[in-house]
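Enquirer: coords please:
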Amino acid sequence: YPLEDFLVPTYKYLHNEFGIETQVIRHILISVPSFYEMSLETSIRPMLQFMRGDMKMRRSQIKRVLAHFPAVLKMDVQTVEICVNLLQNAFGFKREEAIDVMVSSPVILQDISPKRLNETNRFLEKELFLSEKEIRKILLKETEILLLKVSLDFQPKVDLMKENVGFTAEEMKKFLLKFPEFLCLNLSKD
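Expert: Got it, this is the predicted structure:
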């Protein structure tokens, strides 16, 4: 059966209300096998209404989140709200900025924790001497940084640049402000 016949009410809601294309809905089904068992009224609609209403996300932002992290539909509204609040509290993001970070890299919803955010913030602030404003600038440009671990990802790269290239702390700071994606590079020889 075509997907449209299988999930008629859910398909119509996603397609008509949010402009979600059939291929994205298929991706959701493949990524979240329990999706076909989820209730439109008690699971899907409340989350999407929360995103559109309380979070004031545009249709395009909702589509991006669903396409890149369909498991958000299995989450409860409070968990998503907590994630947004964590971003606001840890980095001083305005609510809209925290939502933009979540939309840019929605997978952070599954792996966000106060401990990791504080560790990241502390490293960027204390080791790289970045101001709160500079940290926000870097994170808005390269949200994937929030998925990384200081000891496994940041520290080895910073050490490499300081030891092998001879960067001073100030040069490292300037470099990362210009190229924050450097922290996300895989430097392993595999």
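Enquirer: Identify, by residue count, the longest helix of this protein.
Expert: helix 77-91 (DSSP state H).
Enquirer: so what does it touch, helix or strand wise?
Expert: helix 45-52, helix 95-104, helix 108-111, helix 114-122, helix 132-141 (3 or more C-beta pairs under 8 Å, 6 or more residues apart in numbering; DSSP states H and E). Heads up, the C-betas are built off the backbone N, CA and C, glycines and all.
Enquirer: which one of those helices is the most hemmed in?
Expert: helix 95-104 (a mean of 19; mean count of other C-beta atoms under 10 Å).
Enquirer: Would you mind getting the angle between it and helix 77-91?
Expert: Per axes from the mean of the first three to the mean of the last three C-alpha atoms, to 10 degrees, the angle that helix 95-104 makes with helix 77-91 is 110 degrees.
Enquirer: So which elements touch helix 95-104?
Expert: helix 59-68, helix 77-91, helix 108-111, helix 132-141.
Enquirer: Residue 128: what's it in contact with?
Expert: By C-beta atoms under 8 Å, 6 or more residues apart in numbering, residue 128 lies in contact with 158, 169, 172, 173, 176.
Enquirer: immediately after the worst-scoring helix or strand of the chain on mean pLDDT, which helix or strand?
Expert: Of all helical and strand segments in the chain, the minimum by mean pLDDT, DSSP states H and E falls on helix 3-6, at a mean of 54. Next in sequence after helix 3-6, counting helices and strands by DSSP states H and E, comes helix 8-12.
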